[in-house]
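Asker: pasting the sequence and the predicted model now:
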2 protein chains.
Amino acid sequence: MTAEATLARFREYMVGPARFMNLLSCFELGIVDHLRAKPGSTAEELGAAVGAKAAAVEQMLFLLVKEGFVARDGTTGGYALDALAEVDELDLRRPLEFMDKIKVTTLRQLFYLTESVREGKPVGLRELYGFDGDLYEAMTVHADLRASWGRLMDSVTARIDPWFFDNVDIPAGSRVLDLAGNTGLGAIHTVKMKPSPGLRVTTFDLPGREEACLRNFREQGVADQCSFIGGDVFVSVPTGFDVVLIKHFLNMFDKDEVFAILDGVRDALEPGGQVHVLVPIYSEDIKDSCTVDYYPSFFLGCATGRGGPQKLSTFRSWMRERGFTITNTLAQHPAELPPDALPLQGILSATKTA
Amino acid sequence: MTAEATLARFREYMVGPARFMNLLSCFELGIVDHLRAKPGSTAEELGAAVGAKAAAVEQMLFLLVKEGFVARDGTTGGYALDALAEVDELDLRRPLEFMDKIKVTTLRQLFYLTESVREGKPVGLRELYGFDGDLYEAMTVHADLRASWGRLMDSVTARIDPWFFDNVDIPAGSRVLDLAGNTGLGAIHTVKMKPSPGLRVTTFDLPGREEACLRNFREQGVADQCSFIGGDVFVSVPTGFDVVLIKHFLNMFDKDEVFAILDGVRDALEPGGQVHVLVPIYSEDIKDSCTVDYYPSFFLGCATGRGGPQKLSTFRSWMRERGFTITNTLAQHPAELPPDALPLQGILSATKTA
């Protein structure tokens, strides 16, 4: 790459934050909705409708006109959706939920990325929220973080779990442990997507999650098949299970902690016991990976101060090293994902080596 | 544009903030400097050198490897500058100064863009700094904003002012008024870049700037040619001048305020009196404009809560409408700018219509 090309690429990076928020704000203000309802609206009409000055609306729309998302009629001064009109509103909701999550959990916090990397903690949560802990703990206290994150996670889980359960084998009548299963959604999905006579699923997570988890089991009508065990995966993993699910969890930790988790699971299983890991991954060729554009700085700067996705091959070698025999690995194919999708997910299935 | 292409474009927007801060943080941490000095360093060596865990360094470098900025040797695990090695360190300082300015004045503040557009104020300054006012006022109080902004502005002015003075005519012996001239740099550049017998330059700005301005005049040895008048451009503009300079100012205001400024200048000049405007502009074809990617949300969300650049043709028509005869307009040509340059500057020269 020439020096010129590198510097031009820097410019792309420089405009990233402003471009992100300019686009999102046009939705937040209601400009896009108003243009959908009333194509041809002028900046004055839009300003009156969304509660902003016409001059500000005009400034906000320059970028969307540049992108071809919105068109401006030079004669009337009216605006209308252009490329945005071609996108299904349900499809548009997906990136917008993600953008809101980035705005709330990431944008301001990134200011402290360098300090977070040095301290191994998400310093932004301390500086912005006075919270000493990780994002997942902060969400239990701060409703704004929880609301934005929860909306996104519900959508993401609704898309990912069917794919995950389609691609893992859970023998009939298994006793399943959902490690770090939060408030039970993974357990509920297991009994609904992998039903079999005698199947029992236990959510294992911090004791504070028990009440919400059991309530979810009752509300979803699965209380007779699901239960909760409170504990800490770094202290001990409950025994007596045939299958352990580790979903959206290993990516939150550095290698030594991942090893501690895997060791705990291995020791709790009988030989031949199964484990299925669902985890965001980087492409094997990092140059193809779009996950890399967001997740390193999100995990280090905003979520946990450590961890992050790895290549599927890295997780595979870590599992082998800790006494598992890999039976299957699967990566989502980028071409099968929506064009706005950021994380690429991987599945690793393994048995405890005899 | 197809719906697929639009959604793919949304993904580019989504990763903007994280990509921005990941790159900048690799410089802030000293990773790039260390790789320049010691090519082939491993993540462990880099971590030890910059005070971070090896795993975190590895995560931070994924993106730079993806971009081809840095290369990773698969055999040794060592990293070395790749495309970054081809860029002159002085050239690199330019975008890095700009990125620091974006980090400090823009990144967190953008979180409040929607509220800022609605209120017509930079709400982020209130939320983050407890400051009620615009960025320029906030800088007089908050050293972090001032330091980052000042570093960038000194560099930018050093590049732009020679181009500006090369392209405006200031008759020998003129009495020049530098409107909103801050602490005198424009006046100093006028006497140094447009020297002539009898030339006198007066900086006009808020009275609070007088002391620093006069000190600058003394330190630069121009106290006998330069003076200061305190006042408010929206109240009245001093008379008795042949030439008025309006640099980096009109873009801070909406049209009605720009008109008030132009009216004040027109009324203060004799017919035939000259005005030279220097202002960031958008390209006439907005699709070519990279200024549009940053400045609308910067001005609305982070600086003044209003204003923003306009096309050169817009400023020209505004000046004509307020009683000026345009004698010359000039836009920087994007091809003449460094590839990382964001703002495109324009010059408008005019005389008061007789």
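Answerer: Ah, there it is. All of these numbers come straight from a predicted model, not from anything done at the bench.
Asker: could I get the buried residue list for stretch A:139-153?
Answerer: A:139, A:142, A:145-146, A:148-149, A:151-153 (16 or more other Cβ atoms under 10 Å in any protein chain shown). Glycine gets a C-beta too; all of them are placed from N, C-alpha and C.
Asker: err, stretch A:316-324, not the other one
Answerer: Buried residues in stretch A:316-324 (16+ other Cβ under 10 Å): A:316, A:318-319, A:322-324.
Asker: closest one to chain B out of those residues, please.
Answerer: A:W318 (12.2 Å; Cβ to the nearest Cβ).
Asker: just the element for the closest one, please.
Answerer: Assigned by DSSP states H and E, A:W318 belongs to helix A:312-321.
Asker: ok, A:T6 next?
Answerer: helix A:3-14.
Asker: using CSV, list the CA coordinates for that helix.
Answerer: What follows is helix A:3-14, C-alpha atoms only, in CSV (Å, rounded to 0.1, in the frame of the first residue of the first chain):
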residue,chain,number,x,y,z
ALA,A,3,1.8,6.2,1.7
GLU,A,4,-1.0,8.0,-0.1
ALA,A,5,-3.4,5.1,0.1
THR,A,6,-2.6,4.6,3.8
LEU,A,7,-3.3,8.3,4.6
ALA,A,8,-6.5,8.1,2.6
ARG,A,9,-7.5,5.1,4.7
PHE,A,10,-6.8,7.1,7.8
ARG,A,11,-9.3,9.6,6.6
GLU,A,12,-11.9,6.9,6.5
TYR,A,13,-11.1,6.1,10.1
MET,A,14,-11.3,9.7,11.1
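Asker: mind checking pLDDT for the residue nearest to A:N182 when sequence neighbours are not counted?
Answerer: When the adjacent residues along the chain are set aside, A:N182 lies closest to A:D205, with 5.7 Å between them (Cβ to Cβ, 6 or more residues apart in numbering or on different chains). pLDDT recorded at A:D205 is 95.
Asker: residue contacts, A:D205?
Answerer: A:180-183, A:213, A:228, A:230-231 (Cβ atoms under 8 Å, 6 or more residues apart in numbering or on different chains).
Asker: the helix holding A:W318 near chain B at all?
Answerer: No. Using Cβ under 8 Å from any Cβ of the partner chain, helix A:312-321 never reaches chain B; the gap is at least 10.1 Å.
Asker: so A:S349 touches A:F164, yeah?
Answerer: No. With contact defined as Cβ atoms under 8 Å, A:S349 does not count as touching A:F164 (10.5 Å).
Asker: need phi/psi at the closest residue to A:S196 other than its chain neighbours.
Answerer: With Cβ to Cβ, 6+ apart as the criterion, A:S196 has its nearest non-adjacent residue at 3.7 Å, and that residue is A:A172. Backbone torsions of A:A172, given as degrees, to the nearest 10, read phi -60, psi 140.
Asker: what of A:V201?
Answerer: phi -130, psi 130.
Asker: with the one 3 residues further on instead?
Answerer: For A:F204, the backbone dihedrals (degrees, to the nearest 10) come out as phi -110, psi 120.
Asker: count the residues that sit near the residue nearest to it when sequence neighbours are not counted.
Answerer: Distances taken as Cβ to Cβ, 6+ apart place A:I229 nearest to A:F204, at 5.0 Å, with adjacent residues excluded. By other Cβ atoms under 10 Å in any protein chain shown, the residues close to A:I229 number 14.
Asker: wasn't A:I229 part of a strand?
Answerer: Yes. Counting by DSSP: H, G, I helix; E, B strand; the rest coil, A:I229 is part of a strand.
Asker: from chain B, how far off is it?
Answerer: As defined by Cβ to the nearest Cβ, to the nearest Å, A:I229 lies at a distance of 30 Å from chain B.
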